[in-house]
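> Pasted the sequence and its predicted model underneath.
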Amino acid sequence: MTALQEWYTWLEPLREIAETAGERILEVYRSSDFAVEAKDDESPLTRADRAAHETIAAGLRRLTPDIPQLSEEGDDIDAVTRRSWNNYWLIDPLDGTREFIKRNGEFTVNIALIDNGRPVLGVVHAPDLATTWSAAAGERAYRFDSNGMQTIATRRAQSPLTVVVSRSHREAAIENILERLGEYHELSVGSSLKICRVAQGEADLYPRFGPTCEWDTGAAQCVLEAAGGRIMDIGLQQLRYNQKDSLLNPDFIAVGDVDYDWQRLVSALNWEQR
Ligand SMILES: Nc1ncnc2c1ncn2[C@@H]1O[C@H](COP(=O)(O)O)[C@@H](OP(=O)(O)O)[C@H]1O
Ligand SMILES: [Mg+2]
């Protein structure tokens, strides 16, 4: 695999690919009168997932024919093959499937370029919110919406903390942690938008205890890190990608203020015994 000297120039085409996939999703979302509960072959959800996946796969093949793709909706790729890659596109064509079904608009298209275990490009697009977040490692993070393009940045942690939690997946462990935080403000949000809310300085912490996959976090992690934040496992190590046979993430916290004493919070939460 060649070195990725050109990767920075791929950010704009990447945003276009994500937004085109978003248009395909919205065609289904807006045309269907659906009440789907599960993925079956005929469901609008499945059609939207597939249409977004195909659009992204074709767009990335045109942009970078030599870089492999790992998509939630793509072929299963065995771990040995995958782990031999130095870099690859990591894709969740439609994150927040429950939000799509509930029609609350909180679903996203996610594309990250992973290089040696780290996200170096990331685009998160929320089609129904007409908003896109994008970043390249080592550069600024941006949000594009009806007001145009803005630089985004995380904020200093505020007291009480504002905590983002999943709208649809709320494990008992999360309830325990929230209880132990004492006073806090809560934002309930679907999909990778939670990480984007931390990245744009609206929230301080997003704790996730329970299964997520690497494609749920890769693109938004790139945005959050470029905006000044971090996603860390319980050892406060930054999440890395393609390091294991499994594609499941560990428990993690996404934080905006890297100078805050998260270690103290994590220790106080008695994480190991939650
Ligand atoms: N049991 C499980 N195993 C793996 N991933 C899970 C999971 N439960 C939830 N997730 C992940 O959490 C994501 C939704 O997160 P949230 O609740 O924050 O919106 C899902 O994305 P999809 O909607 O793309 O399937 C899915 O990847
Ligand atoms: Mg997902």
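Received, thanks. Ligands and ions are numbered 1, 2, ... in the order given.

> Quick check, the residue in the stretch 151-274 of the chain closest to ligand 2?
Asp216 (4.2 Å; Cβ to the ion). (Glycine included, C-beta is placed from N, CA and C.)

> Check the stretch 51-200 of the chain too.
For the stretch 51-200 of the chain, Cβ to the ion, closest residue to ligand 2: Asp95, 3.6 Å.

> Show me which residues of stretch 175-182 are buried.
Using 16 or more other Cβ atoms under 10 Å as the test for burial, stretch 175-182 gives 177, 181.

> quick revisit: may I ask you to confirm that the residue of the stretch 51-200 of the chain closest to ligand 2 is in contact with Val189?
No. If you go by Cβ atoms under 8 Å, Asp95 and Val189 don't touch, sitting 11.9 Å apart.

> Please identify which of the two sits among more neighbours.
The neighbour comparison of Asp95 against Val189 (other Cβ atoms under 10 Å) goes to Asp95, with 27 against 23.

> So what sits opposite the more buried one in the bridge?
On the basis of DSSP bridges, Asp95 is bridged to Thr108.

> Flag the shaky bits of this protein, pLDDT-wise.
Applying pLDDT under 70 to the chain flags residues 1-5, 34-41, 269-274.

> ok, Ser188 - how many residues close by?
That count, for Ser188 with other Cβ under 10 Å as the rule, works out to 13.

> contacting residues around it?
Listed by Cβ atoms under 8 Å, 6 or more residues apart in numbering, the contact partners of Ser188 are 164-167.

> Quick check: it is in a strand.
Yes. According to DSSP: H, G, I helix; E, B strand; the rest coil, Ser188 belongs to a strand.

> Quick check: it vs Glu99, distance?
Distance of Ser188 to Glu99, given as Cβ to Cβ, to the nearest Å: 11 Å.

> intersection of neighbour lists for those two?
By Cβ under 8 Å, 6+ apart, the residues touching both Ser188 and Glu99 are Arg167.

> Please, where are all the strands along the stretch 101-250 of the chain?
108-115, 118-126, 131-136, 141-145, 148-152, 161-166, 184-189, 205-208, 230-232 (DSSP state E, counting those that start in this stretch).

> Which strands or helices does the last one pack on?
Yep, that's strand 230-232 we're talking about. helix 214-226, strand 252-255 (3 or more Cβ pairs under 8 Å, 6 or more residues apart in numbering; DSSP states H and E).
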